[in-house]
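> Mind folding the following:
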Amino acid sequence: MRFIELFAGIGGFRLGLERAGHQCVWSNEIVEKARRIYEHNFKDTPDGRDIRDIKPEEIPETDLLVGGFPCATFSVAGRRTGFSTEDTRGTLFFEICRIAEAKRIPYLFLENVKGLLNHENGKTFGVILATLDELGYDVQWECVNSKNFGVPQNRERVFIIANLRDRARPKIFPIGECYATDGEPCTETQGEGERVSTNYLPTLDAHYYKGGGTRAVIDESDGHVRTTQWRRTHFRDIKGDYTPTLTANMGTGGNNVPYVEVKAVLTPDRKEKRQNGRRIKEHNEPSFTITAQDRHGVLIGSSLRKLTPLECERLQSFPDDWTKWYSDGSLVSDNQRYERCGRAVTVNVIHEIAKRLPL
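I've put the predicted structure just below:
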């Protein structure tokens, strides 16, 4: 399908959809730094205007509208003002409706935080469903966790698929399948509609966008991160000339790799910090949700350090160095890379949903 991407950020929706065979014909992103990263990767510059200033007739004809409308107003981490007149970010949902109604766009594919479902005791989500219904759309939705789609990150997001009633209704949800780390189907079932891999990855690892099982490994001789292929319970060096010496191994041996526990940590720059709720995950648990405001790290044995921007990209299943450069070739600051990853969607999840949409 031909699609337009609103609130495009760094292009997570576009990347997942294009991998599934869909075609982007127009995008919009008001944040200048995100727009420049998007342009570097896609060689295509999003419209930078406020969506409220764009007339429907200025947008190309399309089969599908996609976007993660601003979520701070619905998030537990935000003020949860919803459709408040004080904070207009929440009302941008109605800009989606304005464009969809004017252009009679057949399909909508939207994303938001889990908190959208219970905001104002469900009234906010009820308004969204009622509005789409009045515009002639049938709606299906599900809260999906990124940890079930090949990345070790606990990230719950609500995905909404809407279709005009005169169009075929694609069966998208429930979508509980995850990627096994060796590329084989998952075989254990946990809860209704949720499948988990029997070869689950430790926190530092990621099932990268390249496919198959891939693992980030730290070389204690120089502190650099190496990438190795993983098959079930052992490591194999890609080039055949490197044996990792410090890893988040599952404890099963293989290539004489010692066992080292790896745990996800919040606020790694304040080692003695105390806070309500857990600050440190257990070994083999997925990482905390990557956000724009929190700082994340890993505890490797007894060593504590921040996650690198590269690791954050991988936790969101972006290609390596996706956020490293602006369109003019200048480097993006680490702080900006962290923020852009935190505001993005998980590409693997978008891709999996996109495969179920009609082409």
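> Go ahead and confirm residue 109 touches residue 68.
No - judged on Cβ atoms under 8 Å, residue 109 makes no contact with residue 68 at a distance of 9.8 Å. Yep, even glycine has a C-beta here, placed from its N, CA and C like the rest.
> anything in contact with each of these two?
Between them, residue 109 and residue 68 share these contacting residues under Cβ atoms under 8 Å, 6 or more residues apart in numbering: residue 13.
> just for the stretch 201-350 of the chain, where's the confidence low?
Within the stretch 201-350 of the chain, the stretches with pLDDT under 70 are 201-258, 276.
> again with the stretch 1-150 of the chain
In the stretch 1-150 of the chain (pLDDT under 70), the answer is 71-90.
> Repeat the analysis, applying 80 as the threshold.
Along the stretch 1-150 of the chain, the parts satisfying pLDDT under 80 run over 70-91.
> and residue 273, how far is that from residue 267?
According to Cβ to Cβ, to the nearest Å, residue 273 and residue 267 sit 5 Å apart.
> need the contact list for the residue lying closest to residue 328 once chain neighbours are set aside.
Ranked by Cβ to Cβ, 6 or more residues apart in numbering and with sequence neighbours excluded, the top spatial neighbour of residue 328 is residue 36, at 7.3 Å. Residues near residue 36 by Cβ under 8 Å, 6+ apart: 326, 327, 328.
> Could you give the number of residues near the last one?
Pointing back at residue 328 there. 8 (other Cβ atoms under 10 Å).
> so how far is residue 98 from it?
Distance, residue 328 to residue 98, using Cβ to Cβ: 34 Å.
> Now do the SS call for residue 158.
With DSSP: H, G, I helix; E, B strand; the rest coil as the basis, residue 158 sits in strand.
> Contacts only, for it.
Here residue 158 is in contact with 111, 112, 113, 114, 116, 117, 141, 142, 143, 144 (Cβ under 8 Å, 6+ apart).
> Which of those fall within strands?
111, 112, 113, 141, 142, 143, 144 (DSSP state E).
> Most neighbours of all these, which one?
residue 112 (26 neighbours).
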